[in-house]
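[1] sequence unavailable; structure follows:
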């Protein structure tokens with residue numbers, strides 16, 4: 001009996017040893033093989049740089065600013081360069097989480113980003129890439145009149161002219177600005193597909209300063225045509241001087257601030273021939289010419305030189321010296337539509353006139369002669385406002 005117990009204990013001990021050996025081996029209790037050890041994953045930087053426009057973007061607007069931003073960090077450097085390596089100027093915000101360009105871009109150009117930042121975890125991040133701007137089908141020039149530092153009369157309209165047709169008139173008009181040093185009611189009105197004017201409801205106040213902006217660079221004028229550049233102008237309206245002529249009276253009166261200051265005898269267009277009448281309407285002095293050459297083959301005269309000529313219509317009417325017609329001046333109307341003055345009077349008026357002074361003609365049988373480019377005061381206010389592409 002003693003010997004059998006000894007055998008049992010030995011067998012049990014042997015089994016325990018085998019179990020222990022199994023627990024230290026490469027076999028799981030469920031019978032599967034153990035997975036190989038994996039290296040630890042690298043920790044991604046927390047900072048992220050983004051751009052607008054995005055890297056790879058095409059047809060980008062040249063008007064919108066370029067922005068570079070970072071989250072969970074601060075920008076250390078930002079460069080946006082064109083194909084020639086010239087940097088686009090720009091500034092960081094106070095905490096250097098954003099950079100914004102401060103200049104417009106060029107048409108049909110490729111720009112390259114190179115930006116760096118340090119994350120809140122002190123890890124550096126970089127961003128590189130390119131984008132391209134829109135390519136116009138055509139570029140055109142724009143002009144603004146009056147020009148900088150001009151001094152003009154109280155009826156002078158502001159004209160923005162285009163070297164190509166504009167079909168996107170509403171968007172163009174939205175981009176036009178006009179600021180005055182005194183409150184003035186006025187409206188833009190399209191005279192043609194190549195000209196839009198601003199005129200006040202009434203004549204400008206004397207002495208008002210006017211600043212005009214045609215901020216049209218980067219705006220599609222229509223059909224893929226874009227302006228070559230923005231155009232601005234700042235000018236001043238002078239004293240209030242108005243010419244009034246009632247043609248049957250043979251007198252040209254000049255008013256300053258509503259008070260008559262001059263009265264010149266004149267001869268206007270021949271009354272008996274409506275085609276030679278001086279036309280009714282409110283016009284403006286368009287130009288001043290010390291000498292003007294007149295030709296009208298229909299009426300048998302060419303290369304006639306007259307002094308002190310102030311043009312007030314693109315139909316061909318002037319106020320000018322005609323000493324050769326002195327016998328009719330102040331007595332009868334016999335011109336071909338112009339206002340004839342004695343030489344001394346013509347010079348006196350010429351010296352006082354400003355481009356943009358109103359010229360009001362009444363009493364004629366001929367109604368207003370409307371030309372496409374200078375007709376701002378030949379329509380009533382309601383009709384003028386209807387010419388705006390933004391009319392309500």
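    Perfect, thanks for sending it. Only a predicted model underlies this, so the values are computations on that prediction, with no experimental measurement involved. Residues are numbered from 1 along each chain as shown.
[2] excluding its backbone neighbours, what's nearest residue 135?
    Excluding its sequence neighbours, the residue lying closest to residue 135 (C-beta to C-beta, 6 or more residues apart in numbering) is residue 108, at 4.0 Å. C-betas here are computed from N, CA, C, even on glycine.
[3] let me redo that: residue 249
    residue 363 (7.3 Å).
[4] which parts of the stretch 201-350 of the chain are strands?
    Using DSSP state E, counting those that start in this stretch, the strands of the stretch 201-350 of the chain run over 209-214, 220-222, 225-227, 231-237, 241-246, 251-256, 259-265, 281-284, 287-296, 301-311, 318-321, 339-341.
[5] what packs against the fourth one?
    Helices and strands touching strand 231-237, by 3 or more C-beta pairs under 8 Å, 6 or more residues apart in numbering; DSSP states H and E, are strand 142-145, strand 151-152, strand 209-214.
[6] mind listing the strands the first one pairs with, and their directions?
    On the basis of DSSP bridges, the sheet neighbours of strand 142-145 come out as strand 158-162 (antiparallel).
[7] just the last one next, same as before
    Using DSSP bridges, strand 209-214 pairs in its sheet with strand 176-180 (antiparallel), strand 231-237 (antiparallel).
[8] pull out the buried residues from the shortest one.
    This means strand 176-180. Buried positions in strand 176-180, judged by neighbour count with 16 or more other C-beta atoms under 10 Å: residue 176.
[9] and the next helix or strand past it?
    Proceeding N to C from strand 176-180, the next assigned helix or strand is strand 186-192, under DSSP states H and E.
[10] in that next one, what's buried?
    186-191.
[11] now do the contacts for residue 385.
    187, 189, 391 (C-beta atoms under 8 Å, 6 or more residues apart in numbering).
[12] so the residue nearest to residue 135 touches residue 139, yeah?
    No - the criterion here is C-beta atoms under 8 Å, and residue 108 misses it with residue 139 at 10.0 Å.
[13] show me what residue 262 bridges to in the sheet.
    Bridge pairing for residue 262 - DSSP bridges - gives residue 254.
[14] picking that back up, a markdown table please, covering the buried residues of strand 186-192 and showing distance to residue 154 and pLDDT.
    What follows is the buried residues of strand 186-192, written out as a markdown table (distance: C-beta to C-beta, whole Å; pLDDT from 0 to 100):
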| residue | distance to residue 154 | pLDDT |
| --- | --- | --- |
| 186 | 13 | 98 |
| 187 | 17 | 98 |
| 188 | 19 | 98 |
| 189 | 18 | 97 |
| 190 | 23 | 97 |
| 191 | 20 | 96 |
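[15] which of those lies closest to residue 384?
    Using C-beta to C-beta, residue 189 comes nearest to residue 384 of those, at 5.1 Å.
[16] next, count neighbours for the nearest residue to residue 260 once chain neighbours are set aside.
    Excluding the flanking residues, the one nearest residue 260 by C-beta to C-beta, 6+ apart is residue 253, at 5.6 Å. Using other C-beta atoms under 10 Å, residue 253 has 17 other residues around it.
[17] and residue 253, what does it touch?
    243-245, 260, 262-264.
[18] got the domain ranges for the protein?
    48-132, 138-238, 241-375 (automatic domain parsing).
[19] compute the first-to-last residue distance for the first one.
    Okay, so that is domain 48-132. 23 Å (C-alpha to C-alpha, to the nearest Å).
[20] thinking residue 206 is in contact with residue 242, fair?
    No - if you go by C-beta under 8 Å, residue 206 and residue 242 don't touch, sitting 11.2 Å apart.
[21] what's residue 135 in contact with, if anything?
    Applying C-beta under 8 Å, 6+ apart, the residues near residue 135 are 59, 107-108.
[22] which among these end up buried?
    If we count by 16+ other C-beta under 10 Å, the contacts of residue 135 have nothing buried.
[23] closest to residue 325 among those?
    residue 107 (56.7 Å).
[24] any idea how far residue 203 is from that closest one?
    Using C-beta to C-beta, to the nearest Å, residue 107 is found at 41 Å from residue 203.
[25] what's the answer for residue 309, then?
    Residue 309 is 23 Å from residue 203, by C-beta to C-beta.
[26] can you classify residue 172 by secondary structure?
    When classified by DSSP: H, G, I helix; E, B strand; the rest coil, residue 172 comes out as helix.
[27] surely it touches residue 218?
    No - using C-beta under 8 Å as the test, residue 172 is too far from residue 218 to be in contact (11.9 Å).
[28] more neighbours: the two, which one.
    The neighbour comparison of residue 172 against residue 218 (other C-beta under 10 Å) goes to residue 172, with 24 against 19.
[29] what sits against the more buried one?
    Per C-beta under 8 Å, 6+ apart, neighbours of residue 172: 166, 196, 216, 219, 221, 389.
[30] looking at the contacts of residue 253, which one is closest to residue 339?
    residue 245 (6.4 Å).
[31] close enough to count as contact, the closest one and residue 349?
    No - contact criterion C-beta under 8 Å: residue 245 and residue 349 do not qualify, at 11.7 Å.
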